[in-house]
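Asker: pasted the sequence and its predicted model underneath.
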Amino acid sequence: MIYQDNLKGISSDMLNGFFVGWPDPPSTKTHLELLKKSSNVVVALNDNQTQVLGFITAISDGVLSAYIPFLEVLPEYQGQGIGEELVNQILKQLNRLYMVDLCCDDSLVPYYEKLGLLKTNGMCKRNYKMQSGTLS
């Protein structure tokens, strides 16, 4: 397993299999674009660096705050500590900031609490007609 905090060598064809269960998932091209436009990113690659197995992103003002919108690990690689390592690495990148927030389903609260995050309230708005993004 190789972890990297940049997108060097990452192409859209290495991003298949993510966004499982989404009714209208982003294309791999859109997925690569969201990775590129994130303030911070960590990807987990297989040993021969031909497939992304997991990723995490953050959006930050670089001064006080950041938001983690995505943590995903391919289903066949879940339960192997990849997600935990991705969270640890991005939190290390963001450790100089006052606050790092993320939203998650109630079922995931224990997972994130185990990683040192605190449960809080949050609000969100979803525009489901744009779920796949604006790129094709």
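Answerer: Looks like it arrived, so ask away.

Asker: quick check: beta-bridge partners of the closest residue to Phe18 other than its chain neighbours?
Answerer: Nearest non-adjacent residue to Phe18, counting by C-beta to C-beta, 6 or more residues apart in numbering: Glu72, 5.1 Å away. Just so you know, the C-beta spots here come from the backbone N, C-alpha and C atoms, and that holds for glycine as well. Bridge pairing for Glu72 (DSSP bridges) gives the partners Phe55.

Asker: wait, doesn't Glu72 sit right on Phe19?
Answerer: Yes - with contact defined as C-beta atoms under 8 Å, Glu72 reaches Phe19; the gap is 7.2 Å.

Asker: look at the two and report which has more neighbours.
Answerer: Glu72 (21 against 18; other C-beta atoms under 10 Å).

Asker: the more buried one: what's it in contact with?
Answerer: Listed by C-beta atoms under 8 Å, 6 or more residues apart in numbering, the contact partners of Glu72 are 18-19, 54-56.
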